[in-house]
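A.B. asks: let me see the structure of the following:
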Amino acid sequence: MTDANRDYIVQEIVRFQPRLRAFVRCLLVKSNDVDDVMQEINAVLWEKADDFVPGTDFWAWATQVARYKVLNQIRKYGHERLIFDAQMLERMAEAAKHTSESFEERREALQDCLNKLSPAQRQLIDLRYVDGHAIERIAEAIGRPAGSIRQTLYRIRGALLDCIERRIAMGGVNS
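C.D. replies: Predicted coordinates:
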């Protein structure tokens, strides 16, 4: 493999990691298996990098590898009650693939919309969802009633959803 091909494969693996992780997470019964399966997928993508033709659809190739790895993981669940057959897994994988195709676009839209929040709104979002603080702790820290914090977060989430949907409807351009 040439250095250029190696660099390209590394860039594509890195670029698609969040989307691929979301895809795998949709298919696995046990969420704690995602990291292990992702490691296996990344190893196969790297080992088979010479088979990939630059300029073709990396996402399609990566999801096919992921499907096989997820199917292998599900086969390991054989002793458990809830098992999906290969046909059901394929249908689920196809649905997850379509859902995850918009993942990156929605993530970018969310980031853009978060950047448009006022500093006070952004602080509340960060305290709750980045730092993981309970509403009551946030209320104490900023000296507002918990009910007021809940209502404000509800409104901010609604505004973020509207912003994301507008941005996507406009083809990803800033709105």
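
A.B. asks: okay, and the most centrally placed residue in the chain sits in which element?
C.D. replies: By C-alpha atoms, centre = their mean, the mean C-alpha position of the chain lies nearest to Ala22, the distance being 4.0 Å. Following DSSP states H and E, one finds Ala22 within helix 3-27.

A.B. asks: helices and strands around that helix, which ones?
C.D. replies: Packed against helix 3-27 by the contact rule (3 or more C-beta pairs under 8 Å, 6 or more residues apart in numbering; DSSP states H and E) you find helix 34-47, helix 58-76, helix 86-101, helix 103-115. (Each C-beta comes from the backbone N, C-alpha and C, glycine too.)

A.B. asks: next one: the longest one to chain centre, how far?
C.D. replies: Distance of helix 58-76 from the chain centroid (C-alpha atoms, centre = their mean, to the nearest Å) equals 16 Å.

A.B. asks: my guess is Arg6 contacts Trp46. True?
C.D. replies: No. Here Arg6 does not reach Trp46: they are 9.1 Å apart, not a contact under C-beta atoms under 8 Å.

A.B. asks: mutual contacts of the two, please.
C.D. replies: With contacts taken as C-beta atoms under 8 Å, 6 or more residues apart in numbering, Arg6 and Trp46 have no neighbour in common.

A.B. asks: nearest to Asp162, of the helices and strands packed on helix 3-27?
C.D. replies: helix 103-115 (8.7 Å; C-beta to C-beta).

A.B. asks: let's see stretch 43-54 as CSV, backbone CA atoms only.
C.D. replies: Below are the C-alpha coordinates for stretch 43-54, written out as CSV (Å, rounded to 0.1, in the frame of the first residue of the first chain):
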residue,chain,number,x,y,z
ALA,A,43,-8.7,-3.8,12.2
VAL,A,44,-10.5,-5.4,9.2
LEU,A,45,-10.7,-2.0,7.4
TRP,A,46,-7.0,-1.5,7.9
GLU,A,47,-6.1,-5.1,7.0
LYS,A,48,-8.2,-5.0,3.8
ALA,A,49,-7.2,-1.4,2.9
ASP,A,50,-5.5,-2.7,-0.3
ASP,A,51,-8.9,-4.1,-1.4
PHE,A,52,-10.5,-0.6,-1.2
VAL,A,53,-10.5,1.4,-4.4
PRO,A,54,-10.0,5.1,-3.6
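
A.B. asks: for burial, what's the neighbour tally of the nearest residue to Arg122 once chain neighbours are set aside?
C.D. replies: Counting by C-beta to C-beta, 6 or more residues apart in numbering, the nearest residue to Arg122 once its immediate chain neighbours are dropped is Leu114, at 6.7 Å. Counted with other C-beta atoms under 10 Å, the burial measure for Leu114 works out to 17 neighbours.

A.B. asks: by mean pLDDT, point me to the weakest helix or strand of the chain.
C.D. replies: Using mean pLDDT, DSSP states H and E, the weakest-scoring helix or strand in the chain turns out to be helix 86-101, at a mean of 66.

A.B. asks: fine by me, we can end here.
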